[in-house]
Every structure is written in structure tokens, then in C-alpha cells.
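1. Fold the following and give me the result.
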Amino acid sequence: MKKYQKLIVSLVFDSLGYVSFIFPPFDFIWAPLSAYFMTKLYKGKEGKIAAVVTFIEEALPFFDVIPTFSIMWLYTYVLKAKSKAN
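-> Next up is the predicted model:
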């Protein structure tokens, strides 16, 4: 998957996290699914760590506003890329 395709998918997944504000039981389904999707989008150790963070963030009430997938995209393609360039 290309860089900007991942950004779009990340934005969609972050948006899905907001469903629990309307339908709170959605978190029971979305928390493990979001962790799984995170490991598929972002490979390696960083992806696994992000999956744990995503699971916890989605499982806890009121933390769904954190755009974890988008933050991981920024880390992968902006911050990490910038540190490799230096």
C-alpha cells in the first residue's frame, strides 16, 4: 500500500473510533479490530507497539478522540523519515 493510501485508510480507521460516542458497545468490537488493523498497516516493532496503544485507547472510555492511526502515519512517514535524512 502506498504512503497516501495509508493516510486515507488511517483517517477512516480513526473516524470509525468515533462511532462509540454514538454507540458505546462498538468499542468491544472495534478495540481488538483496530489493534489487528494497526499491525497490518504498520509492520515491525513499531506496528506492534502502536497496536497495543490503539487497543488500550479504543477500549478506554473517552480516549477515542486520539487519532492513533494518523499519529502512527505521521511518525512513520514524517518524523521517522526526517530522522533518517539527518
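2. what comes up buried for stretch 19-26?
-> Neighbour-count burial for stretch 19-26, counted by 16 or more other CB atoms under 10 Å, picks out 20, 26. All C-beta atoms are positioned from the backbone trio N, CA, C, and that covers glycine.
3. Tell me which residues are up against stretch 47-67.
-> Under the contact criterion CB atoms under 8 Å, 6 or more residues apart in numbering, stretch 47-67 has outside partners 10-11, 14, 17-18, 20-21, 24, 27, 30-32, 34-36, 38-39, 41-42, 68-69, 72.
4. mind checking pLDDT for the residue nearest to residue 16 when sequence neighbours are not counted?
-> Among residues not flanking residue 16 along the chain, residue 30 sits closest, at 6.3 Å (CB to CB, 6 or more residues apart in numbering). We have a pLDDT of 94 for residue 30.
5. and if you look at residue 64?
-> pLDDT, residue 64: 84.
6. got the contact list for the residue nearest the centre of the chain?
-> Computing the C-alpha centroid of the chain and ranking residues by CA atoms, centre = their mean puts residue 69 first, at 2.4 Å. By CB under 8 Å, 6+ apart, the contact set of residue 69 is 9-11, 13-14, 34, 37-38, 41, 54.
7. filter those residues to the buried ones?
-> 9-10, 13-14, 34, 37-38, 41, 54.
8. Including pLDDT and secondary structure, could those residues go into a markdown table?
-> A markdown table is the format used below for the buried ones among the contacts of residue 69 (pLDDT from 0 to 100; DSSP: H, G, I helix; E, B strand; the rest coil):
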| residue | pLDDT | secondary structure |
| --- | --- | --- |
| 9 | 97 | helix |
| 10 | 96 | helix |
| 13 | 96 | helix |
| 14 | 94 | helix |
| 34 | 96 | helix |
| 37 | 97 | helix |
| 38 | 97 | helix |
| 41 | 96 | helix |
| 54 | 95 | helix |
